[in-house]
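**Q** here is my input; please provide its structure:
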Amino acid sequence: MRKPTRSCRAVGHLPRPTPPLTARWLPPCLALGLLLRPTEARPTYVSLVPNGWVNGQATGHQMNNEDNREFGYEFSEAEYVWTEELCHDDTDGDGKSNGLELGDPCCVWYAGADVSQLRGFSMIDISLPGDDRSTTSRTMP
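**A** Numbers count the residues shown, from 1 in each chain. Below is the predicted model:
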């Protein structure tokens, strides 16, 4: 009597291959992503805050400093508009308002403004409003 031979149809009885690493980690990574607050670093955002160009994208966040991202979160919650509330807030808790740190202590700046006409506006000694290690030496006018 002949022994039965395996045919191509018998493949369904073989153990299932282990899914690739990306397929195993994708669902947990997606779940974690839903828990994190979304922000985006965009070059155009620096033009939406006073003197944003001075520190560039570091104004909203730095990859090596989790604390500095809080200003970016607040800016996104303000729908990417420099508001009086965001200006007066002290995101990093260093005792200096976001406006003072970005050169707009009187909260008069707006996107597209002629800064030479704004009271109290400065382009000197700009610091990061979300990093308490970066503080301006200027005081309120």
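**Q** so the nearest residue to residue 93 once chain neighbours are set aside, which of the three states?
**A** Distances taken as Cβ to Cβ, 6 or more residues apart in numbering put residue 132 closest to residue 93, at 6.0 Å, once the chain neighbours are dropped. C-beta here means a position set from N, CA and C on the backbone, and glycine is covered the same way. Taken by DSSP: H, G, I helix; E, B strand; the rest coil, the conformation at residue 132 corresponds to coil.
**Q** count of residues packed around residue 132?
**A** For residue 132, the count of nearby residues is 17 (other Cβ atoms under 10 Å).
**Q** need the pLDDT of it.
**A** Residue 132 is assigned a pLDDT of 87 by the prediction.
**Q** phi and psi next, for it.
**A** According to degrees, to the nearest 10, the main-chain angles of residue 132 amount to phi -70, psi -10.
**Q** state the distance from it to residue 92.
**A** As judged by Cβ to Cβ, to the nearest Å, residue 132 and residue 92 stand 4 Å apart.
**Q** residues touching the nearest residue to residue 59 once chain neighbours are set aside, list them.
**A** Counting by Cβ to Cβ, 6+ apart, residue 52 is the residue found nearest to residue 59 once chain neighbours are left out, at 4.9 Å. By Cβ atoms under 8 Å, 6 or more residues apart in numbering, the contact set of residue 52 is 45-46, 59, 102.
**Q** just residue 86 next, same as before
**A** So residue 86 contacts 74-75, 78, 98 (Cβ under 8 Å, 6+ apart).
**Q** just the buried ones out of these, please.
**A** Buried members of these, counted by 16 or more other Cβ atoms under 10 Å: 74-75, 98.
**Q** that older thread, quick check: the residue nearest to residue 59 vs residue 104, distance?
**A** Residue 52 is 11 Å from residue 104, by Cβ to Cβ.
**Q** how much space separates residue 114 from residue 121?
**A** Relative to residue 121, and taking Cβ to Cβ, residue 114 is found at 10 Å.
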